[in-house]
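Trainee: how does the following fold in three dimensions:
(2 chains)
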Amino acid sequence: MEHIVIIGNGIAGVTAARHVRKLSDKKITLISAETDYFFSRTALMYVYMGHMKFEHTQPYENWFWKKNRLNLVKGYVSKVDPQNKKLVLADGNSVSYDKLILATGSKPNKFGWPGQDLDGVQGLYSKQDLDSLEKNAPNKNICKRAVIVGGGLIGIEMAEMLRSRDIPVTFLVREKSFWNGVLPSGESQMINEHIQEHHIDLRLDTNLVEIIADENGRAKAVLTDKGDTVECNVVGLTAGVSPNVDFLKDSGIALGRGVKVNRMLETNIKDVYAIGDCAEQHEAIGNRRPIEAVWYTGRMMGETLAQTLCGNPTEYNPGHWFNSAKFLDVEYQTYGWVFGERGMKEYEQHFHWRHATEKICITIAFNKDTEQFLGINTFGVRMRHEIFDRWLTEEREIDYVMEHLKDANFDPEFYAQYEQEIIQKYNAELGTSLRVKKRNWKRIFEKI
Amino acid sequence: MNTMDKSMSLTGQPPKALNTGQKLATLIGMSGLGILVLNLFNLDFENSGLWLSIALIAIFAGVVWFSKAAYAHKEKGIKNDGVWFKSISSRGVLAWIAGIALTGFYVVLYFYPQYLGLVKDGENTGVIALFDPLSKLLSGNPASQWFVYGTLYTVAILAFGIKFMWKYRHNRYEKIRTVSVMFFQTAFAFIIPEIMARLNGDLPYYDLKNMWPLNYYNFERYRINGFIENGNIGLAMLIFGILSIFVISPILTYKYGKRWYCSWVCGCGALAETAGDSFRQLSDKSKFAWNVERWVVHSVVVFVTLMTTAVIYSYLGNDSSKYWLTKSTFLIGVASILTLVFAWVMIFKRQELQKDAKYGAIGYFTIIIVLIGMHVFSGEGNIFLFKSESLRKTYSFLIGSIFSGVIGTGFYPIFGNRVWCRFGCPMAAILGFQQRLFSKFRITTNGGQCISCGNCSTYCEMGIDVRAYAQKGENIVRSSCVGCGICSAVCPRGVLKLENGPQKGRINPTEVLLGNDVDLMDLVNDK
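Mentor: Alright, predicted model coming up:
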């Protein structure tokens, strides 16, 4: 029986395993050094905040693995030997495979800052990182202040976590406005305000220069490029992640920043595949980046590869871009492409609306020449994925989208709706006279 | 608060201290409770009306102030910080103390009301006497243990309802729903029946929003007689009681799902949603619990149907010239209705039930066989060898008291806040059956946005593994869902939406989420 070995038990590896099991009887082994069972990495923050216990982050009960004949091996793969189709584990054991799937995920970036390896300095990615945070910052008496370096999604989540235990947080962001490499300025500005509402000491346009150690080799302060010294007990390094592929250096598997794969998710070596955060496309797909450390792309690559491995060769073909996040209390969703100022295309025009008092706003991108709808960012408003996916496929014009915005609203019942206000602003700015169409179930479900 | 068991969380626990406002609020609330406890020991207070007012206001004010101190200074949004670190909400010492105290209270309430001061044919004493002035004000009668319970129940729903609205003040669905349960409890369950009792002294006490089989006693001889003897009002109430189960509730459930009842109207639901909100994360989500739930709750339905039939059967006559409804007409009627429902389900809805259909079939055949048995073998008032009255007493004891009260509410801090609704309520099971089969209600999941974080499952009070559906992009169409809306509220990615939409496409067992190219989706869904 063919033996498929998967390194990594995150969403990519586990999805691949589940789908291979659905489609075949192959022998499947999942190897991970991180945890015994699959858990949702994105939920680690809620464990620290006390919303959930760690076991709540596990999507499957513990009996699931045995029942579905998915062998779990707890161990750290130190070496891959594709010549002999063999893996060497750190404890000296070896595992042989017929097909190998690399799904090893990411590790937090470190940019060679002085003091980046001191005690009390950490990233936030793995279960082990969560355990160290619990040790480094159990409460506000032991951790009198934390400094977070890096203005992205993990940074703001870490700030929220620490604030949930009333720990003072200083948040160093390299950009002039939070996450403005991705977000258009109006949105980025709104999140800046929201961060400050949560009593987080947000310092924009500020870089870390050095982490200063105390006599025991623990971080005791950071020095910024503005010349400030901030005393702290914990430093969170959250300046992005990169593929976790160091152990593959001598394996002969072609590496870039991640494991190089083609659209079939194959590496340069036969019977070795890579999926998820650690996989790097030779050519970016559309506007996507070659490496996408996103939950759902890991899942989709797992599904796709399972098809290939079970006799139905399938290219990885992600559909329209979408994503979501939560900034403290504000939910964010995006469908299609809305670029921040830096990445904006020359044909791209934005329409932005923001609520007068609440932290609610939307930005819609469209092509100023053809009026084609390109994408939408929403903050504090939920939108229906299917609808935007369809509108993007149908290449709808911006006016159509504006008129039918109610079809796409996904907020809970009785929520205030803002389509009227939004379209008024749109009409005023673009000289149109569009009217909001009432929500229509038939249109919403026409494709089912 | 620092006596928590360190092993409760894998990551260790920060102390969750109360702020000053919360400490003072606790003092006030506890002093109100203290007055009630002192009365329990028959320390008779002069001027009981005044002391009762002080006690109830203190309890109410304590809870409201506590909530204000907990939430008012925070940004609006989901604030479940530290839920699993607090002793009371993570099955710690406080939870066990609360659970045991509540259970003890229920045992005394149901079985030993004399210890609360209930005196038959005489002046009440103790804590019940304290409630006499309020009871006399409303209905003109002295208080009973049920009046004491009803008053405290209502105060709890109102006070914790305010807490709930504070906590979820960013969410209009939750606010409106909570106003609804607070209203129905205060008006329909508490005040209206008391006033009706005052106006029509011999009309059975009737909480109009409470329908069979939740009020399994509604068609008993004494009540039917009570209704009939009270002329048009009584007759109207009797007809309303029948319509509510056969007409009103199916229509509303078709349109809105069973949530219109379970989390907007029902008193048990009202307590679970307000006072029980701190315990929703404790419900067991394992598959084992789900299996137990299905067997237990449906057995209760079978039992309650049989029992009610037997009770009505027992007081009907045999002579059709006296009254058209005789023992045999009635049994044939019941059997026909059940057969119609069963046949309709098996013909039109079999695909949707799949393997659960066999549970339905087992239940149906059990009832029919027993009905036939009743017809053939039973003498006056007997079902086989049992008196129908002893059957009713058994139900009333096991289900009506032990399950709905003692375990259902007493164990909130241990098993979560919907134990009764989930495992025991026959009404919830019947509405759930309707919801599953012919409602427009579902929880829609949003394309591929789910990150499997598990907030939805953790905070589902009915123990539904919401995530299992959400991460597959599958609509959630479950009998047990009461539509409280919390899964949607706690979802950090906006994946879940409670929705009354078209029935077409409502059940969509997809396996691949939106995001991949369409061919792959077709491929996997086709298999």
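
Trainee: so how far is A:D36 from the residue of the stretch 251-400 of chain A found nearest chain B?
Mentor: Using Cβ to the nearest Cβ, the single residue of the stretch 251-400 of chain A nearest to chain B is A:H385, 2.5 Å away. Heads up, the C-betas are built off the backbone N, CA and C, glycines and all. Separation of A:H385 from A:D36 (Cβ to Cβ, to the nearest Å): 33 Å.

Trainee: and these two? which has more neighbours close in?
Mentor: Neighbours around A:H385 and A:D36, counted as other Cβ atoms under 10 Å in any protein chain shown, are more numerous at A:H385. The numbers are 26 against 12.

Trainee: how far away is the more buried one from A:A408?
Mentor: Counting by Cβ to Cβ - A:H385 and A:A408 are separated by 9 Å.

Trainee: count the residues that sit near A:G92.
Mentor: Neighbourhood size, A:G92 [other Cβ under 10 Å]: 8.

Trainee: how about B:G82?
Mentor: If we define neighbours as other Cβ under 10 Å, then B:G82 has 18 of them.

Trainee: likewise for A:R218?
Mentor: 14.

Trainee: next: A:E421.
Mentor: By other Cβ under 10 Å, the residues close to A:E421 number 14.

Trainee: got it, and A:K22?
Mentor: When neighbours are defined as other Cβ under 10 Å, A:K22 has 14 of them.

Trainee: which regions of the stretch 151-300 of chain B sit below the pLDDT cut-off?
Mentor: Where the stretch 151-300 of chain B drops to pLDDT under 70, the residues are B:200-201.

Trainee: switch the cut-off to 80
Mentor: B:196-207, B:220-221 (pLDDT under 80).

Trainee: near chain A, which residues of it are found?
Mentor: By Cβ under 8 Å from any Cβ of the partner chain, the residues of the stretch 151-300 of chain B that approach chain A are B:170-173, B:176, B:281, B:286-287.

Trainee: in the stretch 301-450 of chain B, which residue sits nearest chain A?
Mentor: For the stretch 301-450 of chain B, Cβ to the nearest Cβ, closest residue to chain A: B:G447, 2.5 Å.

Trainee: any bit of stretch A:102-110 sitting next to chain B?
Mentor: No: using Cβ under 8 Å from any Cβ, stretch A:102-110 never reaches chain B; the gap is at least 14.4 Å.

Trainee: in that stretch, what counts as buried?
Mentor: Across stretch A:102-110, burial judged by 16 or more other Cβ atoms under 10 Å in any protein chain shown covers A:102-108.

Trainee: can you check stretch A:271-285 too?
Mentor: Along stretch A:271-285, these residues count as buried under the neighbour rule (16+ other Cβ under 10 Å): A:271-281, A:285.

Trainee: next up, phi/psi of A:K260, please.
Mentor: phi -70, psi 130 (degrees, to the nearest 10).

Trainee: just checking, it touches A:A254?
Mentor: Yes: counting by Cβ atoms under 8 Å, A:K260 does reach A:A254; the two are 4.3 Å apart.

Trainee: which neighbours do these two share?
Mentor: Each of A:267-268 lies in contact with both A:K260 and A:A254 under the rule Cβ atoms under 8 Å, 6 or more residues apart in numbering or on different chains.

Trainee: circling back: among the buried residues of stretch A:271-285, which has the minimum pLDDT value?
Mentor: In terms of pLDDT, A:I285 ranks lowest among the buried residues of stretch A:271-285, with 92.

Trainee: so that residue sits in a helix?
Mentor: No: with DSSP: H, G, I helix; E, B strand; the rest coil as the criterion, A:I285 is located in coil rather than a helix.

Trainee: in the stretch 401-527 of chain B, which segments are predicted with low confidence?
Mentor: Residue ranges of the stretch 401-527 of chain B with pLDDT under 80: B:404, B:505, B:508-527.

Trainee: strands of that one, start to end?
Mentor: Assigned by DSSP state E, counting those that start in this stretch, the strands in the stretch 401-527 of chain B fall at B:441-445, B:496-500.
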